[in-house]
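Peer 1: Quick one, what's the 3D model for this:
(chains A and B)
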Amino acid sequence: GAVVSQHPSWVICKSGTSVKIECRSLDFQATTMFWYRQFPKQSLMLMATSNEGSKATYEQGVEKDKFLINHASLTLSTLTVTSAHPEDSSFYICSADHVQQYFGPGTRLTVT
Amino acid sequence: KQEVTQIPAALSVPEGENLVLNCSFTDSAIYNLQWFRQDPGKGLTSLLLIQSSQREQTSGRLNASLDKSSGRSTLYIAASQPGDSATYLCAVSWRAGAQKLVFGQGTRLTINP
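Peer 2: Modelled structure (predicted):
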């Protein structure tokens, strides 16, 4: 139980385009989900806390207009990277809160 | 500022050895501490979760201890195997509820056959 999926697992896009990443809790409902970013050989950094039915809370230094988060249901949160640039290339991981956090498998974003 | 530090950044040992990974944290008023494993290019696998009221947790060959007063946790791996090669991350939550986790930088472990 407590499985979290992410889609897509990897994506390549051109600079200036937008990319949407989905995070789903498959067998439980999650009022709160979290989005993390991980650069190569670095640890996970929390980007934002996604709350179902309300606005996301962004960490200091994360541009909310660039990283749009929507938590439209208790099993789905989406992260849209708008006008992506090569420096946005990273590994994005979501987690869903269900007593403890359960993590998705991650999405590798490469912006060319 | 609440921070988590892991030392060493990388560790290489021969197969069969017992080893210890270290995690330290500022602010001893933690809610819980969690150890994760991450394989290259993959997500996180939760290994052990220690609540603030606990001193240790065990799962198979893994044992995690917690000493809040000194701001430290250790992950002990017994009889290491090549399959244990991965990056091990320590993460701390300082409050209950939908908790924000603060991660350490990780220890990249290599077990040599």
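
Peer 1: Surely residue A:56 and residue A:47 touch.
Peer 2: No. Using Cβ atoms under 8 Å, residue A:56 makes no contact with residue A:47, being 9.1 Å away. Where C-beta positions appear, they are placed from N, C-alpha and C, glycine not excepted.

Peer 1: Would you mind telling me which of these two has more residues around it?
Peer 2: Remark: of residue A:56 and residue A:47, residue A:47 carries more neighbours, 24 against 21, as counted by other Cβ atoms under 10 Å in any protein chain shown.

Peer 1: Against which helices or strands is the helix or strand hosting the more buried one packed?
Peer 2: Assigned by DSSP states H and E, residue A:47 falls within strand A:44-51. For strand A:44-51, the packing partners by 3 or more Cβ pairs under 8 Å, 6 or more residues apart in numbering or on different chains; DSSP states H and E come out as strand A:32-38, strand A:57-58, strand A:67-73, strand B:101-103.

Peer 1: go with 10 Å
Peer 2: Contacts defined by 3 or more Cβ pairs under 10 Å, 6 or more residues apart in numbering or on different chains; DSSP states H and E place strand A:44-51 against strand A:32-38, strand A:57-58, strand A:67-73, strand A:76-81, strand A:90-98, strand B:101-103.

Peer 1: okay, the angle between that strand and strand A:76-81?
Peer 2: Put simply, strand A:44-51 runs at 120 degrees to strand A:76-81, going by axes from the mean of the first three to the mean of the last three Cα atoms, to 10 degrees.

Peer 1: Just list whatever residues bridge to the residue minimising distance to the centre of chain A.
Peer 2: By Cα atoms, centre = their mean, chain A has its centre lying nearest to residue A:35, at 4.1 Å. Counting by DSSP bridges, residue A:35 forms beta bridges with residue A:48, residue A:94.

Peer 1: re the thing from before, so which of the helices and strands packed on strand A:44-51 comes closest to residue B:56?
Peer 2: strand B:101-103 (20.0 Å; Cβ to Cβ).

Peer 1: who does that closest one touch, helix- and strand-wise?
Peer 2: Against strand B:101-103 (3+ Cβ pairs under 10 Å, 6+ apart) you get strand A:32-38, strand A:44-51, strand A:100-103, strand B:4-7, strand B:32-38, strand B:86-93.

Peer 1: what comes up buried for the first one?
Peer 2: To tie it back to what came earlier, the one meant is strand A:32-38. Neighbour-count burial for strand A:32-38, counted by 16 or more other Cβ atoms under 10 Å in any protein chain shown, picks out A:32-38.
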